Every structure is written in C-alpha cells, then in structure tokens.
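Engineer: how does the following fold in three dimensions:
(2 chains)
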2 protein chains.
Amino acid sequence: MMNSSTLRPDMSRARFVAVDWGTSSFRAWPMSADGMPLAQSRGPEGMLHCMTEGFEPVLRQHLERLGAPAHLPILISGMAGARQGWKEAPYLQTPTRPDELHRGAVKIDALGDVRILPGIAQRDASRPDVMRGEETQLLGAVRGDFSGLVCIPGTHSKWIRLETGCVMTFSTYLTGELFSVLGKHSILAHAVEPDQPPLPDAPAFRSGLDAGMHRGLQEQLFRLRAAQLLGFEQRGDGAARLSGLLIGAELADAGRQYGGNGPILLIAAGMLGQLYEAALRQAGWDVETVDAEKAAQAGLARAAANLWGEHF
Amino acid sequence: MMNSSTLRPDMSRARFVAVDWGTSSFRAWPMSADGMPLAQSRGPEGMLHCMTEGFEPVLRQHLERLGAPAHLPILISGMAGARQGWKEAPYLQTPTRPDELHRGAVKIDALGDVRILPGIAQRDASRPDVMRGEETQLLGAVRGDFSGLVCIPGTHSKWIRLETGCVMTFSTYLTGELFSVLGKHSILAHAVEPDQPPLPDAPAFRSGLDAGMHRGLQEQLFRLRAAQLLGFEQRGDGAARLSGLLIGAELADAGRQYGGNGPILLIAAGMLGQLYEAALRQAGWDVETVDAEKAAQAGLARAAANLWGEHF
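Structural biologist: Model prediction:
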C-alpha cells in the first residue's frame, strides 16, 4: 500500500522529516536544510487506520522505506495531533499566527525527537470551528505579514481571513464530503457516474455552479435527479453538475461572509484545484493558486526552523 | 415482516382495495363504499424490494393476509407506477388537477382489475421535478377548488402551489434523505445519537432551525461537529440540531419561492409532522395539519370513485 520514490536520495543532506498525517492519508518527506523535499513516502495509513493499528509502527515503516537516518528530528502536522490521534496537540485559538504554531507542538516519546504541530480552533459559541493541517499549509503559503482571504478546498473546505499574518476568523464547508456521500449513499447514486469525474469546463459544472450560487441547495439536489428522469440531462453530466451545485453553494455563502469579487489565495492541487479556480473566477474572484503539497512542505520546513533553529 | 390488524372485518362491505406503494413501504386497505378503511396490511415490501422479488406475489400475499375477496378492484398509488416499478404510469404534467389522476391510471393484467395511478411531473428544464404518491394525498386532502400552499414532508419533502384545485408548480427538498445519509455516512455520524430522535421543543432543534434559516447549510453542518469538539454542545443534541438545520434551510428556501408567513396546509403524521408544525409556526406560517395516511386513503377513495363510479 505504500508508495515511495525509487531513487535513493543523498540522505546525508536531510535535516528533518516532514510528515503530513491526515484522516485517511500519510505523506512523509525527508527535507534538506533549504526546505526542499529529498524523497517521498505516502500511503493510506491516515488517522482512521492508525487508531486501530497504531501510529508508531506506520511512521517507522515509512522511515525505513525512505532509508531515513535514525534519530532525524520528525515534525508532523494534521490529524495525528487530534484527540483520537497519536497524541493530542491542543488547538491554538483565533486570533493566532501560523508562525506561532511551533510553540504549541507536543513531543512524542518515540523514535528520537518527534513533534506534532497543533491545529487552530475558533472557540466562539456562535461560530465554532476547527482545523488541523490547513494551518501548516497557511504557514507555508503566505508571508508573515499577509492580509487577505484564503480558500483551501477539500473534504472539508476552509475559508480563512488573515490580517497582518494573523488568522482572524475561518469557516469550514462540508462540500467534498457531501459530494462523496450523496454520490454513494443517496438517490443521487442513480444520477452520478463515478467514472466520469467533473471537469472545470463541462457545461454541467458551469450551470451547476450558477444554480448552486443562486438557488437553494436541497431543492437543486433533487432537481439533478428529476432532470435526468425527464430527459433534460444525462447521467454522464451528474458528477459535474453535483460538483458545481455544491461548490456554487459554498462560494455563495462564503462570498456573503467574507466578501466576493476580491483577491483570493487558493491553496489546492490537481483537478479539485482546477474546479475551484474555474468556480472562483466565474464568481468574480481574482485567484492566485499555490500548490497544496508544496504549501504543506514549506509550512513544515518553516515550523521546523522556528522549532529547532535555522541550522539545526 | 407483514403486519395486519387481527380483527377480521366484514369484507362484504369492501368495495375496492387501496394500496399506497412507496419506495420502501407497502400499505393496503380494503375500503368501504363511504371511503373508510376496513382493515390494514403493511410491510417493508416497497419498490426496492419488489424490483427483485416481483410485485404481484407481494400484493397477493397482503390480500390473502387481509382475507380480501377475490377480484375486488385494486387501486395503487406511488412508486409501483415508476419506470422501475410494476408498470409505468406516465406522469401527468403541470398544470394539472389531482381530480384528473384517474384518467392517467394504467391497468395491470393480474388479479382481476388492478390499476396504478400516475404521478405528476413538472417538465420544465429550468425547474424539473417529479412526484409519485403525494398527488394522491393532495387529492384526498384538499377540496376541488383549493388555492394555496401545501407542504408534504418526508424523505423527499414536497412544496406544492395549487390554484383552484390545479397543481401549478412544486419543489422537492432532499431534507429527510440528507438527515439519514449525513447521520450515517458522514463525519456527523460522530455527532448524532441515533437513539435520540429530534423533539420539536428541544432547544437544539429550535436553534438549529434558526441557523438553518439564516446561514449557509454546508458551513452549519460542520459547525455542528465543531461545537461538540469544543464543548459547546453534546452529542445528545446532535440529531435535534441536524434536523433543525435541514428543515430550517428547506423553509427558508421554500419561503423565498412560495412566500412565507401565509396559511399552509401540512400533510404529515407522527413526530415528523410535529417537527414541521413547530418549524413552520416558528417561521411565521399559519399551519393547518392533515394526517398523511388519511389523506392517502381519501385520495385513493376519490380516485376510485372517479374511475369506477360512486357505487361500483
């Protein structure tokens, strides 16, 4: 199940191992002193897997696979620091600065010097919210004095407002999870073709976006099915239309809360990044995109420098 | 799996058998000449079951269970008339009158005189929609010259605007299905206690309604989970809050489309009926409630009279 580069890099250049440990994925990179990944090992051993199988054996296997020298410091971000994770790294609380993340890192008694970065919580009863992982991507993607709006799409999409490098407020949208759950477990399973993923220039994606932005989501979801029953649309359009509806509803609500039509930093990769780029542009935003994986690597490198010094 | 009254009624009074055949449920009532049910047989043998097991054997078993005389006419409404059902009863199209339903009934060559009533389609590319079953409840619940708004909550909630007895336009909301699917298959499975169904006077239902009516649904769904992680709410509140959010979002959107604060006829039963009554009242509607099962029986009785004459 693991997957790593076949080239054996020069591990003598590695200064630490950066780990992005999500709910359902694991990625590790030995990092050079100048913050570049020297190799990669990834697998599906996210928090859900490790809650039963253990975290340390998974990390150890990936380190062996990489041929990483023993006792290289290891810095982890993501769900490994959740309450159900390896060891809880209590949330920093808004307003807070991503360049302070290292101050909340917790140390694990295993494999030498292993630390887990905290997430960020918005401990406000009227708008409670949490993130674990995205705060590290922020640290890697924005300058220390950044002011503006950031969107990080995914299973749980994040919209984050920063002021002079400080996370002021954020929102999570269940967009990616709704796409997956509705396509598998609802009546829309009949209306969505799993082998035809949405494409950003598909007319069904574009019209779905428009409907999602301007009409009620629960009604539009059923209309997707009805349109096919009545012969107005094809099953092959279903995934694109569903994706458009859900992203459109997210953008409309986030636009109301965070202001639309301005500049926005998108931290994303692959087809999901292309869908959000197209959607944000159609909705009038001025988008700049940063690769999500590079942002995670850069964030872990910055936090490592803050933690262990520039030349550890 | 079947369930029928133990009293053997006087079947000599039965004039026809009324059947409400849904996606996942079957209900049959031998009906008297004055449109009253004489007995009941119900089971989980809805369309999904019968697509593999066959429709005729299920109907035959329930008729035997009821002790219904052979060759009593049988009138069916609901998903048995869908394309994937027993025999397709093509949709009537809006604008159309529920008291014309019998004109679209299709005849089955089995068990004597068996007919299936059609559903209604809104064949409009900009707002495609379909119903099967609710049109028969409408026929039973409203007078032939009724003008006004009707809400029929359920897995797929219907909002229907009638003018002088004619269905002009309608919308379907995926509310009930979202409640079920999110509570089982999403991250909200951790936040919803299946043994604690929502109650209409629960504070979490009331505050969920308010949030669902005024804020974006995808964001509020994640906040439900975050509120529990951060200790603001308990898991026991999850189902009530989720139900409130989804019903609130439905009411807000339907209110925008169909006008809020006016009189509304609610065709519903049980706890779901109580939740919608409370929600509609909180949102300012003037609610009158009709029992959903009685509406189905009365609708089938009226359609039978239209089909076979008052004294068949």
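Engineer: chain B contacts on the stretch 101-250 of chain A?
Structural biologist: Where the stretch 101-250 of chain A comes near chain B, counting by C-beta under 8 Å from any C-beta of the partner chain, the residues are A:121-123, A:125, A:127-130, A:156, A:171-175, A:177-178, A:181-182, A:184-187, A:215-219, A:221-223, A:226-227, A:229-230, A:232, A:246, A:249-250. Any C-beta I mention is one placed from the backbone N, CA and C, and that applies to glycine too.
Engineer: and those residues, which are buried?
Structural biologist: Buried members of these, counted by 16 or more other C-beta atoms under 10 Å in any protein chain shown: A:121-123, A:127-130, A:156, A:171-175, A:177-178, A:181-182, A:185-187, A:215-219, A:221-223, A:226-227, A:229-230, A:246, A:249-250.
Engineer: among these, which ones are in helices?
Structural biologist: A:175, A:177-178, A:181-182, A:185, A:217-219, A:221-223, A:226-227, A:229, A:246, A:249-250 (DSSP state H).
Engineer: need phi/psi at the closest residue to chain B within the stretch 1-150 of chain A.
Structural biologist: Closest contact between the stretch 1-150 of chain A and chain B, by C-beta to the nearest C-beta, is at A:P128 (4.3 Å). Main-chain dihedrals, A:P128, degrees, to the nearest 10: phi -70, psi 140.
Engineer: what of A:A204?
Structural biologist: Note on A:A204: its backbone torsions stand at phi -70, psi -30 [degrees, to the nearest 10].
Engineer: count the neighbours of it for me.
Structural biologist: Here the count is done by other C-beta atoms under 10 Å in any protein chain shown, and A:A204 has 24 residues near it.
Engineer: the one 10 residues further on now?
Structural biologist: A:H214 is surrounded by 11 other residues when neighbours are defined as other C-beta under 10 Å.
Engineer: you'd agree it is up against A:L251?
Structural biologist: No - look at A:H214 against A:L251 with C-beta atoms under 8 Å: they stay out of range, at 10.8 Å.
Engineer: which pLDDT does the model give the residue nearest to A:Y276 when sequence neighbours are not counted?
Structural biologist: Leaving aside its sequence neighbours, A:Y276 sits nearest to A:P153 (C-beta to C-beta, 6 or more residues apart in numbering or on different chains; 4.7 Å). We have a pLDDT of 97 for A:P153.
Engineer: contacts only, for A:P153.
Structural biologist: Residues touching A:P153, when contacts are defined by C-beta atoms under 8 Å, 6 or more residues apart in numbering or on different chains, comprise A:175-176, A:247, A:266, A:268, A:272-273, A:275-276.
Engineer: of those, grab the buried ones for PyMOL.
Structural biologist: Buried subset of the contacts of A:P153, written as a PyMOL selection, criterion 16+ other C-beta under 10 Å:
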select buried, chain A and resi 175+176+247+266+268+272+273+275+276
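Engineer: format the contacts of A:P153 as JSON lines; extra columns: pLDDT.
Structural biologist: JSON lines is the format used below for those (pLDDT from 0 to 100):
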{"residue": "A:T175", "pLDDT": "96"}
{"residue": "A:G176", "pLDDT": "94"}
{"residue": "A:I247", "pLDDT": "98"}
{"residue": "A:L266", "pLDDT": "98"}
{"residue": "A:A268", "pLDDT": "98"}
{"residue": "A:L272", "pLDDT": "95"}
{"residue": "A:G273", "pLDDT": "97"}
{"residue": "A:L275", "pLDDT": "98"}
{"residue": "A:Y276", "pLDDT": "98"}
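Engineer: closest to chain B among the contacts of A:P153?
Structural biologist: Proximity of the contacts of A:P153 to chain B (C-beta to the nearest C-beta) peaks at A:T175, which lies at 5.8 Å.
Engineer: doesn't A:A240 make contact with A:Q234?
Structural biologist: No - look at A:Q234 against A:A240 with C-beta under 8 Å: they stay out of range, at 10.5 Å.
Engineer: tell me which of these two has more neighbours.
Structural biologist: Taking neighbours as other C-beta under 10 Å, A:Q234 and A:A240 compare with A:A240 leading, 27 against 14.
Engineer: just say helix, strand or coil for that one.
Structural biologist: Under DSSP: H, G, I helix; E, B strand; the rest coil, A:A240 falls in the helix class.
Engineer: in the sheet, who's paired with the residue nearest to A:E219 when sequence neighbours are not counted?
Structural biologist: Among residues not flanking A:E219 along the chain, B:S171 sits closest, at 5.0 Å (C-beta to C-beta, 6+ apart). Under DSSP bridges, the beta-bridge partners of B:S171 are B:W159.
Engineer: what do you get for A:T96?
Structural biologist: Applying DSSP bridges, one finds that A:T96 bridges with A:V167.
Engineer: ok, now which ones touch it?
Structural biologist: Contacts of A:T96 by C-beta under 8 Å, 6+ apart are A:120, A:166-167.
Engineer: what does A:F146 give?
Structural biologist: A:F146 touches A:162, A:164-165, counting by C-beta under 8 Å, 6+ apart.
Engineer: go on, A:Q122?
Structural biologist: Contact analysis of A:Q122 by C-beta under 8 Å, 6+ apart lists A:93-94, A:128-130, A:169-170, B:226.
Engineer: residue ranges with poor pLDDT in the stretch 51-200 of chain A?
Structural biologist: For the stretch 51-200 of chain A, no stretch is flagged by pLDDT under 70.
Engineer: now the closest residue to A:L280 other than its chain neighbours: which helix or strand?
Structural biologist: Excluding its sequence neighbours, the residue lying closest to A:L280 (C-beta to C-beta, 6+ apart) is A:V287, at 4.8 Å. Following DSSP states H and E, one finds A:V287 within strand A:286-291.
Engineer: try A:V58
Structural biologist: Counting by DSSP H and E, A:V58 is part of helix A:56-66.
Engineer: run the chain-centre distance for that helix.
Structural biologist: Put simply, helix A:56-66 sits 23 Å off its chain's centre (C-alpha atoms, centre = their mean, to the nearest Å).
Engineer: likewise stretch A:31-38?
Structural biologist: What separates the centre of stretch A:31-38 from the centre of its chain is 21 Å, taken as C-alpha atoms, centre = their mean.
Engineer: against the centre of chain A, work out the most remote residue.
Structural biologist: The centre of chain A is farthest from one residue, A:L230, which by C-alpha atoms, centre = their mean lies 37.7 Å away.
Engineer: enumerate every residue touching the closest residue to that one other than its chain neighbours.
Structural biologist: The shortest distance from A:L230 to any non-neighbouring residue, by C-beta to C-beta, 6+ apart, is to B:P128 (4.9 Å). By C-beta under 8 Å, 6+ apart, the residues touching B:P128 are A:223, A:226-227, A:229-230, A:232, B:121-122.
Engineer: kindly reformat these as a markdown table containing distance to A:G309.
Structural biologist: As requested, these are exported to a markdown table (distance: C-beta to C-beta, whole Å):
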| residue | distance to A:G309 |
| --- | --- |
| A:R223 | 58 |
| A:A226 | 62 |
| A:A227 | 60 |
| A:L229 | 64 |
| A:L230 | 66 |
| A:F232 | 63 |
| B:A121 | 69 |
| B:Q122 | 67 |
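Engineer: in the helix holding A:V58, what's buried?
Structural biologist: Those would be A:58-59, A:62-63, A:65-66, for helix A:56-66 by 16+ other C-beta under 10 Å.
Engineer: who's in contact with that helix?
Structural biologist: Counting by C-beta under 8 Å, 6+ apart, A:2, A:4, A:11, A:17, A:19, A:26, A:28, A:30, A:39, A:41, A:43, A:45, A:49-50, A:74, A:86, A:110-111, A:114 sit against helix A:56-66.
Engineer: so how far is A:F222 from the residue nearest to A:E219?
Structural biologist: B:S171 is 8 Å from A:F222, where distance means C-beta to C-beta, to the nearest Å.
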